[in-house]
Each structure stands twice: as C-alpha cells, then as structure tokens.
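1. Structure, please.
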Amino acid sequence: MAFTAKDVAALREKTGCGMMDCKKALTASNGDMDAAIDFLREKGLAAATKKAGRIAAEGVAFACVNDSATVGVDIEVNAETDFVAKNADFQNFVNVCAQTVIEQNPADVEALLQCKAAGTEQTVDALLKDKILTIGENIKIRRFKRLEGTVGAYVHAGGKIGVLVRFDAPAETAAKEEFKEYAKNIAMQVAAINPQYLDRQSVPADVIDHEKTILKEQIVNDGKPAAIAEKIVMGRLGKFYKEVCLVDQPYVKDGDLSVQKYTDETAKALGGAIKILEFIRYEKGEGLEKREDNFADEIASLVH
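-> Down below sits the predicted model:
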C-alpha cells in the first residue's frame with residue numbers, strides 16, 4: 001500500500017515520533033497506519049513520546065569549545081527533574097549534543113536531531129528517544145548557538161548557566177594561557193551580572209528613548225526644572241549603561257576596573273589588541289513553565 005507525505009505527517013501527529021521514524025514505520029507496514037503505530041510501539045519509540053507532553057524545565061545549560069578554542073557552543077537541554085539533570089548518563093548526552101553541533105554545524109534543533117550523534121552510529125533523535133526510555137523522563141533539546149572564531153566558555157553551578165563569548169584577538173595572543181584565563185573571566189562576568197547588551201552601540205534606540213523618558217520623569221518629580229532635566233538625564237544614562245552593557249560594567253573580580261579597562265590591561269600585558277565581539281548566556285529553564293509537584297498528593301498516590 002502506497003503512502004503520502006500527508007500520511008507521514010498524520011502518523012507523526014498521532015505518535016509524536018520523528019518524521020524519519022514515521023516514514024520508516026509506514027514503509028515497513030506498507031502504508032497501513034495502525035500497523036505503523038504498532039511498529040513504532042514495538043520499537044519503543046511511541047512509548048518514549050508519551051512523555052513528550054510532560055513539563056521539562058530542569059536540565060542543564062552547557063557551554064564548551066573545541067580543542068583549539070576556535071569553535072564553541074552554548075546549549076540547553078531540559079529534563080523534568082533536577083535529579084536527572086545530575087545523572088551522568090544525561091550529562092553525557094548533553095555533551096554528545098554539544099560536540100555534534102561543534103562538528104556538524106546544524107541550522108537548528110530539528111536539523112540537529114537528524115545529525116549522526118558524535119561518536120555514535122545513531123542519530124541524535126534516536127539517541128534522545130533512547131535516553132527518554134532508559135532515564136524515564138521527558139528530555140528536550142531546547143536551543144543552542146554555535147560561534148566560530150576565538151571563543152571562551154564557562155558553565156556556572158553545574159549547569160545552571162552556560163556562557164559562550166567570542167573575541168577578536170591575534171592568534172598568538174589567543175594561544176596564551178593568560179588569554180584563556182581572561183576569556184573564562186569574561187564569561188564568568190556574563191554569568192554573574194547578566195548584561196543585556198555588549199556595549200552602548202548595541203542598545204536599541206527605542207530602549208534608550210524609553211530609559212530617557214523614565215529618567216526625565218524622575219528628575220521632574222524630584223522638583224528639578226524641565227529645562228535642565230535633559231542634561232541630568234545624560235549623566236544618569238551613564239549609570240544605566242554600567243548596569244546593562246558588558247564592557248561598561250564594573251569587573252566582578254576588581255570593582256575599580258570596568259570590563260573594558262580589564263580587557264585593555266590584558267591586551268597590553270599580552271602584546272595584542274583584544275575586543276569582545278559577542279556573548280550568549282543561557283540559563284536553564286529560563287522562561288519555561290515550571291513543574292509544580294504536590295508532595296502530599298504524591299505520597300498519597302503511593303500508599304493507595
């Protein structure tokens with residue numbers, strides 16, 4: 001029995017399995033939808049997808065770079081509980097996903113799922129379903145970003161926050177251990193202080209206008225004449241930049257230095273210009289609905 005792309009989509013809708021798995025199931029069952037569902041169940045794939053509707057807002061944010069620190073990835077993979085996030089098998093899966101992104105540069109999560117997982121003969125999608133079955137929780141690859149160039153990474157608190165930073169620096173400078181320490185420190189700064197923008201030029205005009213409006217209202221409400229409010233606003237805007245722009249922030253390890261000043265001093269000491277180009281900061285579960293467990297109900301369900 002022949003089948004169409006609509007049949008593949010319908011099977012995916014019914015089972016939640018990947019497109020390629022659904023195509024294989026329909027091929028094996030000669031296009032019979034019920035037989036294809038049985039095929040997926042027998043393979044354990046449909047069982048894994050039953051967990052797909054469960055909330056997964058724990059997990060890890062993980063960042064790493066390749067051996068030459070010329071390619072890096074920041075990735076978030078979610079699970080249902082913090083307990084599983086600490087599981088070595090789960091952590092190894094996250095690392096495999098990160099290495100796959102570094103090596104194969106997929107465009108998005110869907111493309112990553114179809115990649116052959118680094119160091120294995122399975123696709124990432126097949127490996128994911130295997131982990132869901134063996135670990136027993138819903139697991140989702142939520143997002144990732146890959147950067148090429150001179151990169152540094154930092155993971156905070158065992159996977160609560162993952163940071164990746166890209167720099168412009170001469171190769172001989174970037175190869176030095178002192179630069180690698182500097183790069184890690186900048187990534188730690190991003191993790192700790194959570195800047196919204198790289199520098200003043202990166203702040204959108206509408207954000208600046210909004211901040212100016214708020215500051216001007218504060219100044220007028222303080223009894224200052226509107227005529228001089230604009231000058232005062234410009235002064236206070238500098239404080240705003242120090243809060244939201246990475247290079248303007250006080251450096252966490254030495255409050256007497258800004259991040260830009262720390263960068264300049266490091267560049268001078270290492271004999272080559274250094275510029276921070278961009279950063280990515282992922283915090284696990286950021287913006288996701290959290291699972292609310294009722295411990296009393298859980299205990300009651302166990303004893304009845």
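2. From now on I want contacts and neighbour counts done on CA atoms only, so please keep to that.
-> Noted.
3. Ala153 touches Ala61, doesn't it?
-> No: the pair formed by Ala153 and Ala61 falls short of the contact definition of Cα atoms under 8 Å, at 11.6 Å.
4. Looking at those two, which is more packed in?
-> Between Ala153 and Ala61, counted using other Cα atoms under 10 Å, Ala61 has the larger neighbour count: 29 against 26.
5. Assumed the more buried one was part of a strand.
-> Yes: per DSSP: H, G, I helix; E, B strand; the rest coil, Ala61 lies within a strand segment.
6. Spatially, what comes nearest to it if we skip its sequence neighbours?
-> Nearest-residue entry for Ala61: Glu76, 4.3 Å, with adjacent residues in sequence omitted and distances by Cα to Cα, 6 or more residues apart in numbering.
7. How many residues are close by the closest residue to Lys290 other than its chain neighbours?
-> Of all residues beyond its chain neighbours, the one nearest Lys290 is Ala57 (5.7 Å), with distances taken as Cα to Cα, 6+ apart. By the measure other Cα under 10 Å, the count of residues near Ala57 is 24.
8. hmm, back to that, what sits in contact with each of Ala153 and Ala61?
-> Between them, Ala153 and Ala61 share these contacting residues under Cα atoms under 8 Å, 6 or more residues apart in numbering: Gly162.
9. How is this protein divided into domains?
-> According to automatic domain parsing, the chain comprises the domains 5-53, 60-197+277-283.
10. Report how many residues lie close to Asp82.
-> With other Cα under 10 Å as criterion, Asp82 counts 14.
11. scratch that, Leu277 is what I was asking about
-> Leu277: 13 neighbours (other Cα under 10 Å).
12. repeat for the one 4 residues further on
-> Applying other Cα under 10 Å, we find 24 residues neighbouring Arg281.
13. again, but for Glu181
-> By other Cα under 10 Å, 12 other residues sit near Glu181.
14. where's it, which helix or strand?
-> In this assignment (DSSP states H and E), Glu181 forms part of helix 177-193.
15. what is the rounded mean pLDDT of that helix?
-> Looking at helix 177-193 alone, the average pLDDT works out to 97.
16. Of all the residues in that helix, which ones are buried?
-> Neighbour counts over helix 177-193 (16 or more other Cα atoms under 10 Å) mark 179-180, 182-191 as buried.
17. likewise stretch 136-155?
-> By neighbour count, and taking 16+ other Cα under 10 Å as the criterion, the buried residues in stretch 136-155 are 137-142, 144-147, 149-155.
18. And for stretch 99-106?
-> 99-102, 105-106.
19. Out of these, the closest to Leu26 would be?
-> Using Cα to Cα, Pro106 is the member of the buried residues of stretch 99-106 that sits closest to Leu26, with 26.7 Å.
20. At which residues are the strands of the stretch 1-150 of the chain located?
-> When secondary structure is read from DSSP state E, counting those that start in this stretch, the stretch 1-150 of the chain shows strands at 60-65, 71-78, 140-148, 150-156.
21. re earlier: I'd like to know how far the residue nearest to Lys290 sits from Gly255.
-> Between Ala57 and Gly255 the distance, using Cα to Cα, to the nearest Å, works out to 34 Å.
22. Then Asp256 would be within a strand, right?
-> Yes: when the secondary structure is assigned by three-state DSSP, Asp256 falls within a strand.
23. isn't it right up against Pro250?
-> Yes: with contact taken as Cα under 8 Å, Asp256 and Pro250 are classed as touching, separated by 7.0 Å.
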